[in-house]
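**Q** have a look; sequence and predicted model below, questions after that.
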Amino acid sequence: MFATHPNSASPEIPAMQEKYTPADIERAAQAHWQKTGAARAVEDATRPKYYCLSMFPYPSGKLHMGHVRNYTIGDVLARFHKMLGFNVLQPMGWDAFGMPAENAALANHVAPAGWTYQNIDYMKKQLQSLGFAIDWEREFATCTPRYYRWEQWLFTRLFEKGLIYKKLGTVNWDPVDQTVLANEQVIDGRGWRSGALVEKREIPMYYMKITAYAEELLADLDKLDGWPEQVRLMQKNWIGKSVGVRLAFPYELDGKSEKLWVFTTRADTLMGVTFVAVAAEHPLATRAAQNNPELAAFIEECKRGGVAEADLATMEKKGMPTGLFVQHPITGAQVPVWVGNYVLMNYGEGAVMAVPAHDERDFAFAKKYQLPIKQVIAAEGETFSLEAWQDWYGDKTKGVCVHSGKYDGLNHEAAVDAIAADLSAKGLGEKKTQFRLRDWGISRQRYWGCPIPIIHCADCGDVPVPDEQLPVVLPENVEITGTGSPLAKMPEFYECTCPKCGKPAKRETDTMDTFVESSWYFLRYACPDNDKAMLDERVNYWCQGGIDQYIGGIEHAILHLLYARFFTKLIRDVGLPGVAPIDEPFKRLLTQGMVVAPTFYREGENGKKLWINPADVDVATDERGRPTGATLKSDGQPVIIGGTEKMSKSKNNGVDPQALIDQYGADTARLFMMFAAPPEQSLEWSDAGVEGAYRFLRRVWKTVHEHVAAGPVAACSSGAELPEPLKDLRRKLHQTIAKVRDDYGRRQQFNTAVAAVMELLNAHDKADLRDAAGRALAQEILEAVVLMLFPIVPHIGQIAYAALKPGADAAQAAFPQVDETALVQDEIELMIQVNGKLRGSLKVPATADKAGIEAAALGSEAAIKFMEGKPPKKVVVVPGRLVNIVV
RNA sequence: GCCGAGAUGGCGGAAUCGGUAGACGCAGCGGAUUCAAAAUCCGCCGCCGCAAGGCGUGAGGGUUCGAGUCCCUCUCUCGGCACCA
């Protein structure tokens, strides 16, 4: 009756014992998958592929709950699609370069490489113990030369194409440790280790010309209909295309004629300019400070502090006049030049024109320093007042120009056009499309990263390392001191000869941003063993049309995902032999929420909070279950209940997934993760919830065991001749299959899929299924229950399915099909509302028409009672739902 | 500060296209079983009210026969802000 499965002979699948023992079951199931190569992915042009990718982890030491959640979601989707008949690839690797390895080296005097490889070993074992269907033959770590040599190779190609170039960039400089700091290493303006006040410093860096792809990266967002709308919107705003005018304020200084360039989207307010502001690093500021010690001191002050935009945007806006003036490009009037701490040298032109009347920040700045405010836009029905800012002042869509000479009466668009035309005629400006997106600075003055393959020659300049000299191998025996850059202290690394002229030269000692490795790893999974090329034709099979599903944290919505899209286009345009062009890497994207947990603390001396791990706390509740207080388990004394926050070391509210796996097994961990919240939402940790997941699995196990123990069943139910109650139960079964398929596939909402299966099992338990027809239906239901749960809890599924169908292999089984004939219903229940309030219900034949339903509703007891004899004014019939009678 | 999300019982969440608010689970309460406990099973479980009924989806307004869902205003929480990954 059922076709036997090709791999069904599986003697190592143990018989079902009465007691559910996760450790034994999981060991047996994993051994079986290993033996049958269940997770291996082999290219097969005759079958549709499904490439299911989860963001690879940084090997930080051990898995955290966020990893467990991420990879369980991926595994559920991978296994579900395998059951639908797809040829599935689910790979895994290691994002192995990064700062934590250097921090660990500093703290524990271990080599970053050794530390990293040890972490990988441990975390790989953890991933394997969770039973993920990963093709481990494709595994790689990005810190191996076998991987990063191709990154270096691509770098040299991009360098030759001019898509990588060198310019000055601003970094956080720790003057005590003599080192560059990451933004997260700057705490309240001070270096994290030295405590020294951090300074901004300009250093030469390599940049990737992502702005050359800004238009395409923006336009292609429209193609990504498998992405969450919020992610596309965030990327669109990040790219930030705006059309404006680049214009110049001419000036004379030291006998030379110069121009100060600015960019503005509000050229229509040009006649309202009352000053211009330049960055502290701007040449005009430097020049003005030469004979102005007060200004020089202010510029020094501006250079203090870090470079993070969030800090710059929230700090107090300060400024100082330079004493210099430029000419207004239209009127020729003298406009004072100020230095502003909020103007950034690397953004746009490093200078801005200020129109206090029509820009909120300029308004506040002008008020603070008593600078003139000149209204040049007026809107009907609105009164301009210098007293306080009003939102309409800055609204492009409102008003027309005033006090603007020949431009008076023009609206925003017309005024911009007219002013741009006049500026263009004078050679003082033109319309320009500008992007907020900036080129990507990839140089890092760090050790644990991919070396930049450039050789500096006194005669030949920056020379890319030739192919035959790649890879530039990162030495693994180094000393990390926390000061300076380790590679810059290693002559054996940087001393070399120029590939062009053969003279002694110096190798670049900066490494690349670790976002570079994660910008192309997903393509390399198709061909990780190729030592002759970066990518090969296997990419055409797995990645064509994009990777089918990508899963990762919402925190990567902008940077990582934008860089990965950018690299896919770069690789396409470099053109790799045999590799067909790909425009977009990820067809469908699922962004998962964080894992959060309650926090507990005690106030220490001087009000410092001492955070206590939830595992060490007992929470007391009142008779309704509301928490009334919490005590520390060890001493029974009260602790303070804090908020629910992202699991972190600093709040000590992390729960180790390993403890969970050890106590309950991988299936319980996986089930809890999928059941507690939908994937996109944050997930609250709950010990009690874990208990519930475990209880449910025990119940599934017991139900299947009892059914099997009662002896063999002749056949699955076909439903044709079932009595009414069983017919209803069978309808419920097939409704559930339809819902679970939709939840796994289209909706990607697994908590409701689990809930639906729980409901089905509840209905099964309530029904009397002791006779032959009932036993047959029970067989059909239990097989479906086990297979529907299989993507989430594959270990218990593997064993239980083999017990239900001796010799069958759940890992090769197809997902249950919906029997449409089982869904047919004779009678439908409708709700009755009177004036929008629910008053009763009504059963009508499925075939009833609107008129019949209306008559039946008006004649119903509930309607007559609540209409209170008033005639119906209107009757709304929503087929299959309700009837609303308005009186 | 800017960009993007979110807010529903004691708790996690469900309600998919504007149509039964609270599915499913946790906690709690009552009962069965047990020498006892664990486990398991059965029942109750938004708030107020004896009941009839009324109220109820962060707050305030609006659209609609009907709003958790759509529109406007506001509050709070979270993610990102280019060197954490």
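**A** Yep, that arrived.
**Q** around RNA strand B, which positions in the stretch 151-300 of chain A sit nearby?
**A** When proximity is defined as CB under 7 Å from any atom of the strand, the stretch 151-300 of chain A approaches RNA strand B at A:169, A:171-172, A:180-185, A:205, A:229-230, A:233-234, A:237-238. Bear in mind the C-beta positions are built from the backbone N, C-alpha and C, glycine included.
**Q** show me those residues that map onto strands.
**A** Here DSSP state E is the test, and these give A:169, A:171-172, A:180-181, A:205 as lying in strands.
**Q** of all those, which two lie farthest apart?
**A** The most widely separated members of those, counting by CB to CB, are A:181 and A:205 (14.9 Å).
**Q** and residue A:424, what pLDDT?
**A** On the pLDDT scale, residue A:424 is placed at 96.
**Q** likewise for residue A:836?
**A** 86.
**Q** what comes into contact with the biggest strand by length in chain A?
**A** Longest among the strand segments of chain A by residue count, using DSSP E, is strand A:241-253. For strand A:241-253, the external contacting residues (CB atoms under 8 Å, 6 or more residues apart in numbering) are A:214-215, A:218, A:257-267, A:270, A:276, A:284, A:287, A:324-329, A:335, A:349, A:353, A:416, A:419-420, A:423, A:428-436.
**Q** narrow those to just the buried residues.
**A** Buried members of these, counted by 16 or more other CB atoms under 10 Å: A:214, A:218, A:260, A:262-264, A:266-267, A:270, A:276, A:284, A:324-329, A:335, A:349, A:353, A:416, A:419-420, A:423, A:428-429, A:431, A:434-435.
**Q** among these, name the ones in strands.
**A** Of the buried ones among the contacts of strand A:241-253, the ones assigned to strands by DSSP E are A:260, A:262-264, A:276, A:324-327, A:335, A:353, A:429, A:431, A:434-435.
**Q** check those residues and tell me the two furthest apart.
**A** Farthest pair in those, by CB to CB: A:325 and A:435, 31.1 Å.
**Q** next, the buried residues of the longest strand of chain A.
**A** Buried-residue list, strand A:241-253, by 16+ other CB under 10 Å: A:244-251.
**Q** same question, stretch A:180-198
**A** Buried residues in stretch A:180-198 (16+ other CB under 10 Å): A:180-181, A:185-186, A:190-191, A:193-194, A:198.
**Q** before we move on, what about stretch A:205-221?
**A** Buried, per 16+ other CB under 10 Å, within stretch A:205-221: A:205-214, A:217-218, A:220-221.
**Q** what does stretch A:379-395 give?
**A** Residues of stretch A:379-395 classed as buried by neighbour count (16+ other CB under 10 Å): A:379, A:384, A:389, A:392-394.
**Q** please see if whichever strand or helix holds residue A:125 touches RNA strand B.
**A** Counting by DSSP states H and E, the element that carries residue A:125 is helix A:112-129. No: applying CB under 7 Å from any atom of the strand, one finds helix A:112-129 out of contact with RNA strand B, separated by at least 11.2 Å.
**Q** other SSEs contacting that helix?
**A** Judged by 3 or more CB pairs under 8 Å, 6 or more residues apart in numbering; DSSP states H and E, helix A:112-129 is in contact with helix A:22-36, helix A:99-108, helix A:657-664.
**Q** tell me which residues in the helix or strand that that helix is followed by are buried?
**A** The helix or strand immediately downstream of helix A:112-129 is helix A:145-160, counting by DSSP H and E. For helix A:145-160, burial by neighbour count (16+ other CB under 10 Å) applies to A:147-159.
**Q** can I get stretch A:515-529 in CSV, CA atoms only?
**A** Once non-C-alpha atoms are left out, stretch A:515-529 reads as follows in CSV (Å, rounded to 0.1, in the frame of the first residue of the first chain):
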residue,chain,number,x,y,z
PHE,A,515,32.5,42.4,7.2
VAL,A,516,34.4,41.5,4.0
GLU,A,517,34.6,37.8,4.8
SER,A,518,30.9,37.7,5.5
SER,A,519,30.1,39.4,2.3
TRP,A,520,30.7,36.4,0.1
TYR,A,521,30.9,33.3,2.2
PHE,A,522,27.5,32.2,1.1
LEU,A,523,28.7,31.7,-2.5
ARG,A,524,31.8,29.8,-1.4
TYR,A,525,29.7,27.1,0.3
ALA,A,526,28.8,26.0,-3.2
CYS,A,527,32.5,25.1,-3.9
PRO,A,528,34.6,25.3,-0.7
ASP,A,529,37.1,22.7,-1.9
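**Q** and which of the ones in strands among the buried ones among the contacts of strand A:241-253 is nearest RNA strand B?
**A** Closest approach to RNA strand B among those (CB to the nearest atom of the strand): residue A:435, at 8.3 Å.
**Q** not including adjacent chain positions, what is the nearest residue to the closest one?
**A** Using CB to CB, 6 or more residues apart in numbering and skipping the chain neighbours, the partner closest in space to residue A:435 is residue A:214 (4.5 Å).
**Q** let's see the pLDDT reported for that neighbour.
**A** You'll see residue A:214 listed with a pLDDT of 97.
**Q** show the backbone phi and psi for residue A:761.
**A** As for residue A:761, its main-chain torsions (degrees, to the nearest 10) stand at phi -70, psi -40.
**Q** any idea how far it is from residue A:767?
**A** Distance of residue A:761 to residue A:767, computed by CB to CB, to the nearest Å: 11 Å.
**Q** now do whatever helix or strand residue A:877 lives in: everything it contacts.
**A** For residue A:877, the host element (DSSP H and E) is strand A:874-878. Contacts to strand A:874-878, defined as CB under 8 Å, 6+ apart, come from residues A:850, A:853-854, A:857-858, A:883-886.
**Q** now the element after that strand, going C-ward?
**A** Sequence-wise, the next helix or strand downstream of strand A:874-878 (DSSP H and E) is strand A:882-886.
**Q** buried set for that next one?
**A** A:882-885.
**Q** same thing with stretch A:18-28?
**A** Here stretch A:18-28 shows A:20, A:22, A:25-26, A:28 as buried, counting by 16+ other CB under 10 Å.
**Q** which one of those is nearest to residue A:477?
**A** When these are compared against residue A:477 (criterion: CB to CB), the nearest one is residue A:26, at 40.1 Å.
**Q** report the contact partners of the closest one.
**A** Residues near residue A:26 by CB under 8 Å, 6+ apart: A:129, A:131, A:665-667, A:795.
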